[in-house]
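Asks: Quick one, what's the 3D model for this:
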Amino acid sequence: MVSQEQRRKQLAREKFLRQQERREAARRRVRARNAVIAGTLAVVVAGGAVSYAAGAFDGDDADARADSAPKDPCEKAAPGKVKPLSFKKEPALTIDKSADYTMDLRTTCGDIGLDLDAAKAPRTVNSFNFLVNKGYLDHTKCHRLTTGGIYVLQCGDPKGTGKGTPGYQIPDENLKDKRLKGNVYPAGTVAMANQYDARAKKGRNTGGSQFFLVYQDSQLPPDYTPFGTISDSGMKVLKKIAAAGESSGQGDGAPNATVVIDKATVTKS
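Replies: Have a look, this model is predicted:
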């Protein structure tokens, strides 16, 4: 018999693997439900937990709720718009697999530096080198934060819905990385999101432009290309974003912090 903790982790993993359509539908149901009960229940978010208090509130209570609401720790986004870019096929491999590459995400919450592993995930790194040089990630919003069982910030979708792609797909790489021990993606890992369904065993090699940044050890099977590590300063930025929580109160939603990638660059050294 599995323990309650094992069951919780299993449910978290399954939730992460669901298609975005189901997540969006769940969020719409939550919003609709909250709208109905808003007149009688106050929702107070603190430390990632959701508590409910019944009854009407006077002005003092309203002030207390405002004081306890998550604060957005990030700055206003730089002027500019997302470029509506789409490409018919994966770019030709032009990177030097023996060289060092770094990607810098200059965000509204602070700079997040990534050391990219061109040797172990060359096609993934090559794709980001191509996309970043086209300005594909500039002004895009990191649209998803998970805070239970798995702990990641997901970015790379120009649409901000979880459905955006660059128009092509890239293969899975580096799934046998020694760092992925015990079905855990360690804190500091940057990896690709994809459409793989572990239950149906379908959807391999469906990476696009979406990636996730692991800010705390996360229980996940090795199905997502790890292609780099996050700098120490970048981890501090992620911790700040995570501390502000996510909007659904269910552990999986849009971050309360307004995380926008003002500018992304890839540098070879």
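Asks: contacts, neighbours, all on C-alpha from now
Replies: Fine.
Asks: Could you pull out the strands in the stretch 1-150 of the chain for me?
Replies: Secondary structure of the stretch 1-150 of the chain (DSSP state E, counting those that start in this stretch): strands at 41-46, 49-54, 101-107, 110-116, 140-141, 144-146.
Asks: Could you look up the SS state of the residue nearest the centre of the chain?
Replies: Centrality entry for the chain: nearest residue to the mean C-alpha point is Q154, 1.3 Å, by CA atoms, centre = their mean. Judged by DSSP: H, G, I helix; E, B strand; the rest coil, the three-state class of Q154 is strand.
Asks: from what I can see it touches L213, true?
Replies: Yes - using CA atoms under 8 Å, Q154 is in contact with L213, at 6.4 Å.
Asks: now the helices: where do they sit in the stretch 1-150 of the chain?
Replies: 4-17, 20-37, 59-68, 122-133 (DSSP state H, counting those that start in this stretch).
Asks: Within the helices and strands, which one has the nearest residue to D138 once chain neighbours are set aside?
Replies: Closest residue in space to D138, ignoring its immediate chain neighbours: K263 at 4.7 Å, by CA to CA, 6 or more residues apart in numbering. Per DSSP states H and E, K263 falls inside strand 260-268.
Asks: how about the CA coordinates for that strand, as CSV?
Replies: Extracted in CSV, the C-alpha atoms of strand 260-268 (Å, rounded to 0.1, in the frame of the first residue of the first chain):
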residue,chain,number,x,y,z
VAL,A,260,8.5,38.9,-18.2
ILE,A,261,11.6,38.2,-20.2
ASP,A,262,12.5,41.7,-21.3
LYS,A,263,15.5,40.4,-23.3
ALA,A,264,17.2,37.1,-23.8
THR,A,265,20.7,36.6,-25.2
VAL,A,266,22.9,33.5,-25.9
THR,A,267,26.7,33.9,-25.7
LYS,A,268,29.4,31.6,-26.9
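Asks: Which strands or helices does it pack on?
Replies: Where contact means 3 or more CA pairs under 8 Å, 6 or more residues apart in numbering; DSSP states H and E, strand 260-268 is packed against strand 101-107, helix 122-133, strand 140-141.
Asks: what does that strand contact?
Replies: 77-78, 99-109, 128-129, 132-133, 135, 137-142 (CA atoms under 8 Å, 6 or more residues apart in numbering).
Asks: For E75, list the residues it contacts.
Replies: T108, C109, T258.
Asks: Can you list the low-confidence ranges for this protein?
Replies: Along the chain, segments meeting pLDDT under 70 span 1-9, 11-70.
Asks: And what about I241, helix, strand or coil?
Replies: Under three-state DSSP, I241 comes out as helix.
Asks: What is the burial count for it?
Replies: Residue neighbour count, defined by other CA atoms under 10 Å, stands at 24 for I241.
Asks: cool, and I230?
Replies: 24.
Asks: and if you look at K239?
Replies: K239 has 12 nearby residues by other CA under 10 Å.
Asks: How much space separates it from P226?
Replies: Counting by CA to CA, to the nearest Å, the gap from K239 to P226 is 20 Å.
Asks: tell me which residues in stretch 237-257 are buried?
Replies: 237-238, 240-257 (16 or more other CA atoms under 10 Å).
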